[in-house]
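Participant: compute the structure for the input listed below.
(one chain, ligands or ions: 1)
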Amino acid sequence: MKPLTITIDGPAGSGKTTVSKLLADRLGYRYIDTGALYRAVALEAKSAGLAPDDDGGLKELCGRMRVQFVQGSHGLRLLSNGTDLTDSIRTPEISLLASAVSARPVVRQYLLDIQRDMGRQGGAVFEGRDMGTVVFPDADVKFFLDASAKVRVLRRYDEMASTSSQSCAEVERDMKLRDKNDSTRELAPLMPARDAIRIDSSDLTIDQVVQLMLRHVDVA
Ligand code: DC
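Facilitator: Below you'll find the model as predicted:
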């Protein structure tokens, strides 16, 4: 079977990351977390003292950033100009900043080319917000994964519990803000592609979601 390009879009807390990794593992495909790329830009912008809407500064920053995923002994690592940012991009502050810089056309254009390059040879599961709509409109299989707001907040809270001191109410507040930013921005807003297979994971186990996806991939 030819190596496929599979896209999984959806809001925070929908289970995308866990499911995308498992699906990629089961298929022997690469897993590409595109949210990590936006987070890397956000972290670099913060370190450079840039405001998230400073388009001139962001353009210059992106021009000198070299981001790449490399396989390390502790799984996939994200490097920016050789520095490992994998862990430092996972904070509530960077989540919000990533959402803010992701609305800037200059950042989206920079990452669009990088993502398409990564997808050139197929055989990959791309996780993000606009994978099926903008980055890979001709992907072989597109999924849009969602869950109820309540379930998403609880998942996100559990996920962050070991690394963040945020209360459940704070997680909910940030998630609502990010949902709003990500789905109302002008460029590449979060939405299902017309030909995406929509899955609501609220009442499904991780394994059930992966099995369901594998059935769709099998017939693709
Ligand atoms: O998936 P994540 O939570 O790591 O993504 C962080 C932010 O990056 C998210 O709030 C919006 C942005 N993003 C995007 O605009 N497009 C993508 N393909 C992936 C993420």
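
Participant: where's Pro189, which helix or strand?
Facilitator: Using DSSP states H and E, Pro189 falls within no helix or strand.

Participant: all strands for this structure, in order.
Facilitator: Counting by DSSP state E, the chain has strands at residues 5-9, 30-33, 67-72, 75-80, 83-84, 124-128, 141-146, 197-200.

Participant: the longest helix in this structure is where?
Facilitator: helix 168-184 (DSSP state H).

Participant: packing partners for that one?
Facilitator: Helix 168-184 makes packing contacts with helix 92-101, helix 149-160 when contacts are defined by 3 or more C-beta pairs under 8 Å, 6 or more residues apart in numbering; DSSP states H and E. C-beta coordinates here come from the backbone N, C-alpha and C atoms, glycine included.

Participant: I'd like these as TSV, with mean neighbour count appended.
Facilitator: Shown next, in TSV, are the helices and strands packed on helix 168-184 (neighbours: other C-beta atoms under 10 Å):
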stretch	mean neighbour count
helix 92-101	20
helix 149-160	18
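
Participant: related to what we said a few turns ago, and the angle for the longest helix of the chain with helix 92-101?
Facilitator: 20 degrees (axes from the mean of the first three to the mean of the last three C-alpha atoms, to 10 degrees).

Participant: for the helices and strands packed on helix 168-184, which has the smallest mean pLDDT value?
Facilitator: With a mean of 93, helix 149-160 has the lowest mean pLDDT of these.

Participant: chain center to it, what's the gap?
Facilitator: 16 Å (C-alpha atoms, centre = their mean, to the nearest Å).

Participant: so what touches it?
Facilitator: 11-15, 92, 147, 166, 168, 171-172, 175-176, 201-202 (C-beta atoms under 8 Å, 6 or more residues apart in numbering).

Participant: just stretch 109-117 next, same as before
Facilitator: 32, 34, 37-38, 41, 62-63, 65, 67, 126, 128, 131, 134-136.

Participant: quick check, nearest of those to Leu187?
Facilitator: Nearest to Leu187 among the contacts of stretch 109-117: Val134, at 8.4 Å, using C-beta to C-beta.

Participant: once you drop chain neighbours, what's closest to the closest one?
Facilitator: Ala188 (4.5 Å; C-beta to C-beta, 6 or more residues apart in numbering).

Participant: so which of the strands of the chain gets nearest Ala51?
Facilitator: strand 75-80 (19.3 Å).

Participant: give the buried residues for the closest one.
Facilitator: Arg77, Leu78, Leu79, Ser80 (16 or more other C-beta atoms under 10 Å).

Participant: ok, the last one - contacts?
Facilitator: Read it as Ser80. Ala40, Leu43, Glu44, Met65, Arg66, Val67.

Participant: near the ligand, which residues of the protein are found?
Facilitator: 12, 34-35, 38-39, 95, 98-99, 102, 128-131, 178, 182 (C-beta under 6 Å from any ligand atom).
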